[in-house]
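J.: How does the following fold in three dimensions:
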Amino acid sequence: MRICALVALLLSILAIPGLSLSSDLASLAKEGYALVEETRVVGDYQGCIASKSLRFTNGKVFLCSTFGYDNSQYMPAVVILKNKDGAIKILINGKEYSGSFTDAQ
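T.: Here you go, the predicted model:
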C-alpha cells in the first residue's frame, strides 16, 4: 500500500506544468511527506531566504526557515508537502525548502 501511495504522489507531481523535479522527492515521500497542494509563487521569485515570506497564488504566505538562491523566475510552480507531524516542506524548481505558513500580511 505504501508503494502505491508513493507512486501516486510521484505521478501527481510529474503532471505539474513547468515543475523541475528534485531527486529528493522520493526521499521526502519515504520520510512521510505527502502532497498537500500545488500552487505558484506570486510575481518574481529569486529563492527562499530565511525569515522572508513568499506569497502563493492560493492566498497562502510561506515563511522560509531555510536558505537558497535560485535563478530569477516569474511565478514558478510550487508543490506543498506535509508530514504527519505537521512539518511543511515546499519544492520550487526542484529545490526543497522548509518553513511554515503565516497569516497573510
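J.: which phi and psi does the residue nearest in space to the middle of the chain have?
T.: By CA atoms, centre = their mean, the mean C-alpha position of the chain lies nearest to residue 90, the distance being 2.0 Å. Dihedral angles of residue 90 (phi, psi; degrees, to the nearest 10) stand at phi -120, psi 150.
J.: Next up, the contacts around it.
T.: Counting by CB atoms under 8 Å, 6 or more residues apart in numbering, residue 90 touches 48, 62, 78-81, 96-97, 99. For glycine as for every other residue, the C-beta is placed from the backbone atoms N, C-alpha and C.
J.: which residues in the protein form helices?
T.: Secondary structure of the chain (DSSP state H): helices located at 2-14, 25-30.
J.: Confidence-wise, which of these is weakest overall?
T.: Mean pLDDT is lowest for helix 2-14 out of the helices of the chain, coming in at a mean of 48.
J.: didn't residue 73 look like it was pressed against residue 40?
T.: No - taking CB atoms under 8 Å as the definition, residue 73 is not a contact partner of residue 40, at 10.3 Å.
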